[in-house]
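Student: Show me how the following folds:
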Amino acid sequence: MRVLVVEDEEEMADAVARGLRLHAMAVDVAYDGRQALERASYVDYDVVVLDRDLPEVHGDEVCGELVNRNRILMLTAAGLVHDRVGGLALGADDYLVKPFAFAELVARVRALARRTSRKPQGVLERAGIRLDPARRTVSRDGGEITLNRKEFDVLRELLFAHGSLVTSAELRRNVWDEYAAEGTGVLRVTLTSLRRKLGEPQPIENVPGKGYRL
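Tutor: Coordinates of the predicted model:
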């Protein structure tokens, strides 16, 4: 497993890297956002452990650049609910607040690395929407739609269901992971953005208290 630790506090970055290496992970370190983008441009990391408040290039911008290529665990001191929602809405896969238990960090990194998801499926189509998992492209009625990875994965789950109901819990589990907090509202934020991009007539039906169907 190849991991990039991005943290501007050098002692912490080095300590996290040493600890992850003890768990048989290959770990690189970047001390600012610019270094992180440079390293990620030529190394295919399984997981990026990303501090949010970075010099040179802010962690939010780094997340935006890497979100379609890497699994991202935000590791930051900003722990309020709206901070977590904001980080996850950027496309981060998980969010861990400092101070943290190192065993939990290891567990979360491993969980993300396992979620290289399902092998690419054939093209999925419904309600004029065409999703190609291999090329990671989406169109509706022939018009291309640009989605971030979380929006793409939510739409893919809905298309997999072929019109059946997909519960909120299933979406959180399959698109994020078992650590995704039910109360953060990240699913709602992602669905709001996805619906806006899909346009009208709105193809995603909300079944209150149960889930969603397409």
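Student: Find me the pLDDT at the residue positioned nearest the centre of the chain, would you?
Tutor: Geometric centre of the chain, nearest residue: residue 93, 3.0 Å, by C-alpha atoms, centre = their mean. Residue 93 is assigned 86 on the pLDDT scale.
Student: In space, what's closest to it - neighbours in sequence excluded?
Tutor: residue 71 (5.0 Å; C-beta to C-beta, 6 or more residues apart in numbering). C-beta here means a position set from N, CA and C on the backbone, and glycine is covered the same way.
Student: Ok, residue 50 next?
Tutor: That would be residue 6: by C-beta to C-beta, 6+ apart, it lies 4.8 Å from residue 50.
Student: correct me, but the residue nearest to the centre of the chain touches residue 112?
Tutor: Yes - with contact defined as C-beta atoms under 8 Å, residue 93 reaches residue 112; the gap is 5.4 Å.
Student: Show me where the chain has its strands.
Tutor: Ranges of strands in the chain, per DSSP state E, are 2-6, 26-30, 47-50, 71-76, 94-97, 124-126, 129-132, 137-140, 143-145, 166-167, 205-207, 211-213.
Student: Pairing partners for the shortest one, with directions?
Tutor: Spelled out, that is strand 166-167. Partner strands for strand 166-167, per DSSP bridges, with pairing direction: strand 211-213 (antiparallel).
Student: buried residues in the strand it pairs with?
Tutor: Under the neighbour-count criterion of 16 or more other C-beta atoms under 10 Å, strand 211-213 has 211, 212, 213 buried.
Student: And the contacts of that strand?
Tutor: Here strand 211-213 makes contact (C-beta atoms under 8 Å, 6 or more residues apart in numbering) with 158, 161, 163-171, 191, 204-207.
Student: what's the answer for stretch 188-200, then?
Tutor: The contact list for stretch 188-200 (C-beta under 8 Å, 6+ apart) reads 85, 88-89, 129, 140, 145-148, 150-151, 154-155, 175, 202, 204, 206, 212.
Student: Quickly list what the closest residue to residue 105 other than its chain neighbours is bridged to.
Tutor: Distance criterion C-beta to C-beta, 6+ apart; nearest residue to residue 105, sequence neighbours excluded, is residue 96 at 6.2 Å. Beta-bridge pairing for residue 96 (DSSP bridges): residue 75.
Student: Okay, residue 96 and residue 102: tell me how far apart.
Tutor: 11 Å (C-beta to C-beta, to the nearest Å).
Student: out of the two, which sits in the busier spot?
Tutor: Comparing residue 96 with residue 102 by other C-beta atoms under 10 Å, the one with more neighbours is residue 96, at 19 against 14.
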